[in-house]
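Q: Curious how this folds, go ahead:
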Amino acid sequence: MFDVKRLSPASQEDLRRRVVAAVESGRTQAEVAETFGVGLRSVSRWVNAFHRAGNRALDARKRGRRPEEQKALTARQQARVKRAVVGKFPDQLALPGLVWTRGQVTELIERW
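A: Model (predicted):
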């Protein structure tokens, strides 16, 4: 098996379409997985997606999380931290040190 994620998005899309076409032509999912060097679960997911949503289910899409999805703080909380930090030194907010570090910002947030 090889890592499909290392392929370009266009190559990934092409592989998914070829795998689904092979299954649709009558070959078993296990045979197709071995022939193309991909996991059986991947083959099953691609075939099921194809049956649910058609050819567009196999299209290449942007990977990873959506932009704002990983944020630990809301936009309002981020603005509050920014106002507290910009133009001030940590010792002005009763924190040790003269330069802001990630740890000091974390400590400030935990205090709030």
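Q: Let's see stretch 24-32 as CSV, backbone CA atoms only.
A: Below are the C-alpha coordinates for stretch 24-32, written out as CSV (Å, rounded to 0.1, in the frame of the first residue of the first chain):
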residue,chain,number,x,y,z
GLU,A,24,-18.6,-1.0,-10.7
SER,A,25,-17.3,-3.3,-13.5
GLY,A,26,-17.8,-6.3,-11.3
ARG,A,27,-14.5,-6.8,-9.5
THR,A,28,-14.6,-7.2,-5.7
GLN,A,29,-13.5,-4.4,-3.4
ALA,A,30,-10.8,-6.6,-2.0
GLU,A,31,-9.4,-7.3,-5.5
VAL,A,32,-9.5,-3.6,-6.4
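Q: which of the residues in that stretch are buried?
A: 29, 32 (16 or more other C-beta atoms under 10 Å). No exception for glycine: its C-beta is placed from N, CA and C like everyone else's.
Q: For whichever helix in the chain runs longest, name the packing helices and strands.
A: Using DSSP state H, we find that the single longest helix of the chain is helix 9-24. Contacts defined by 3 or more C-beta pairs under 8 Å, 6 or more residues apart in numbering; DSSP states H and E place helix 9-24 against helix 29-36, helix 40-53.
Q: Pipe the ones you listed into a markdown table and attach mean pLDDT and distance to residue 4 per row.
A: Below are the helices and strands packed on helix 9-24 laid out as a markdown table (pLDDT from 0 to 100; distance: least, C-beta to C-beta, whole Å):
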| stretch | mean pLDDT | distance to residue 4 |
| --- | --- | --- |
| helix 29-36 | 96 | 9 |
| helix 40-53 | 96 | 7 |
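Q: Tabulate the ones you listed in JSON lines, adding columns for distance to residue 106.
A: Conversion of the helices and strands packed on helix 9-24 to JSON lines gives the following (distance: least, C-beta to C-beta, whole Å):
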{"stretch": "helix 29-36", "distance to residue 106": "45"}
{"stretch": "helix 40-53", "distance to residue 106": "38"}
